[in-house]
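> fold the following and give me the result.
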Amino acid sequence: MQGGRKLTRRQALIVTFCLLTGFFATAHPVLDPDTFWHLSVGRQILVNRTVYFEDTFSFTHTALWVNVQWLAQIILFLVYDFSGIIGLEAFALLLKVTIFIILFLALDGPPLTRAWLTLLASVLAYPVISGARPQLFSYLFLAFLSLWFRQLRGGDSRPPWWLPLLFLLWSNLHSFYPIGLGLIGIFLMGDWLNRRFALSPTLSPRLIRPLIIILIVSILACLVTPFGPFAFYQVLKNIFQSAGLPIEEWRPIAQSGHPVSLFFGVFIVLWVAAASLTPKKPDASELGFGALLTLAALSGIRMVGLWAIMMSPFLSEHIHFWTARGQTAPPKWIPNAFLAVAVILAMLVILTKLSPHEYQRAEQKEYPQRAIAHLQSLQREGTLSNPIRCLTAYHWGGYVSWRLYPKAKVFVDGRADYYPRTVMQDYLQLHGGQPRWRSLLTKYQVDAVLLPPKYPLASLLRTQKERWVRVYADKTAVLFVRRDERRATK
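Numbers count the residues shown, from 1 in each chain. Model prediction:
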């Protein structure tokens, strides 16, 4: 188009940054259930000045916890301690935006194509890249790996001497670091297959040996944690034990019923179609990544974010091939207008969503804030013991610990890798109001039960007035206290 001007790379970056900020901010405040117990653990580490301590948040299992996320929990708590909950929300928002800005840099094609593909990838990952949790650091490092793989495919022959340091940090921040090591291994194996079958070599021959050495050093760097090799065992335990529990983010995508499953299917079809129609030779690394990450995403919905970050650069290459021809520039005013609208929208969303009022409203809606305040008043009056053994919903466990510690201990919280399988099975029995619920409440000497009103156990306890007293109820939560517990403390 005569007199037109395409969106420059700088403009596209600014537009993408603003749209990502506004898009992710629409979900805030994100009161992720796991955020609260991460904050509790970070606070406890700083108070004890050690990562080695027996668990003090629950009464069902008081063993030493091999905590592979200790460094991230300290960082999150320090951010919260310095800037409050809104500062923590802003920190999480900044991490999410940074992840996808790095992905923008890893994509191929003109700036506008990079911008809209980055936004589509963020929409795909949106449901699983949630609040202030250590997994955000994993997504950040995966984005760096994605950018690095793109540079290698572009002919970069510089040895990545920074890689061991990245994995040293990663192994102390979050448990996804074995995935990063596996992806590098697949990339190397894919390059060997490309050479073996005359496909598309991606690595400079002089880089292969140093890269193998660096990978070995990176594996050894992952053992430099307070818990040594036991940390890796805990990572595997977390994966296999969590996958067997009815936790939403670990459910297979086909069983979740989440809208993201349909969008993920569209991405898969788009990637397969684009790769099939591209005249370039197949890339074994791309096929290996696609097979592993697609299988991971199908087995657990939380892995969809990994697929979005690692597979989007391959998708961008194929799309760029088909869109590179015949592009015309839009009128001059469109890029500037697009940029101005993006900036204004981002500012409006941030000012609206990142506010103490919004957080308070969301907390009262999603968590038993008023019920906990009532429980605290009973403890101040001496009506309830201190500390109290509280059975609460799995997704409320971390919140109750954060609000009531050390005056209450919970049955379980979000640390599925910490509790023995027998404890988790007993919780599920109680959660569902199964036949053993009475004996389990006695076995664990539960003093108080704090649940959403619609839980089966809440309905059962309403019929047990001779043993349990309902002391508080609202639309969000109902609180029961054992009768002899009340009498013993009057």
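> any idea how far residue 72 is from the most centrally placed residue in the chain?
Nearest to the geometric centre of the chain sits residue 135, at 4.3 Å (Cα atoms, centre = their mean). Relative to residue 72, residue 135 is positioned 9 Å away (Cβ to Cβ, to the nearest Å). Every C-beta, even on glycine, is put in place using the N, C-alpha and C of the backbone.
> who touches both of those two?
By Cβ atoms under 8 Å, 6 or more residues apart in numbering, residue 135 and residue 72 have these common neighbours: residue 174.
> quick one on the thing from earlier: surely the residue nearest to the centre of the chain and residue 173 touch.
No: here residue 135 lies out of contact with residue 173, judged by Cβ atoms under 8 Å, at a distance of 9.3 Å.
> tell me if I am right that residue 469 is in a helix.
No: using DSSP: H, G, I helix; E, B strand; the rest coil, the assignment for residue 469 is strand, not a helix.
> ok, back up a step: now do the contacts for the nearest residue to the residue nearest to the centre of the chain once chain neighbours are set aside.
Leaving aside its sequence neighbours, residue 135 sits nearest to residue 174 (Cβ to Cβ, 6 or more residues apart in numbering; 5.5 Å). Residue 174 sits next to 68, 69, 72, 134, 135, 137, 138 when contact means Cβ under 8 Å, 6+ apart.
> number of residues surrounding the last one?
What that stands for is residue 138. 24 (other Cβ atoms under 10 Å).
> excluding sequence neighbours, find me the nearest residue to it.
residue 176 (3.7 Å).
> mind pulling up the pLDDT for the one you found?
pLDDT for residue 176: 91.
> what's near enough to touch it?
Residue 176 touches 135, 138, 141, 142, 170, 306, counting by Cβ under 8 Å, 6+ apart.
> returning to what we had before: over to the residue nearest to residue 135: give its phi and psi.
phi -160, psi 160 (degrees, to the nearest 10).
> next: residue 16.
The phi/psi pair for residue 16 (degrees, to the nearest 10) is phi -60, psi -40.
> repeat for residue 51
The phi/psi pair for residue 51 (degrees, to the nearest 10) is phi -90, psi 0.
> would you verify that residue 409 is located in a strand?
Yes: assessed with three-state DSSP, residue 409 lies in a strand.
> wait, it touches residue 55, no?
No: judged on Cβ under 8 Å, residue 409 makes no contact with residue 55 at a distance of 9.2 Å.
> and residue 104, helix, strand or coil?
Criterion first, three-state DSSP; result for residue 104: helix.
> which ones are touching it?
Per Cβ under 8 Å, 6+ apart, neighbours of residue 104: 12, 13, 16, 114, 115, 118.
> now the residue nearest to residue 138: how far from residue 43?
24 Å.
> do you know the pLDDT at residue 8?
Looking at residue 8, the pLDDT reads 79.
> that one: neighbour count?
Residue 8, neighbours per other Cβ under 10 Å, totals 14.
> repeat for residue 108
There are 21 residues near residue 108, going by other Cβ under 10 Å.
> in which helix or strand would I find it?
Under DSSP states H and E, no helix or strand contains residue 108.
> pretty sure it contacts residue 312?
No: with contact defined as Cβ under 8 Å, residue 108 does not reach residue 312; the gap is 10.0 Å.
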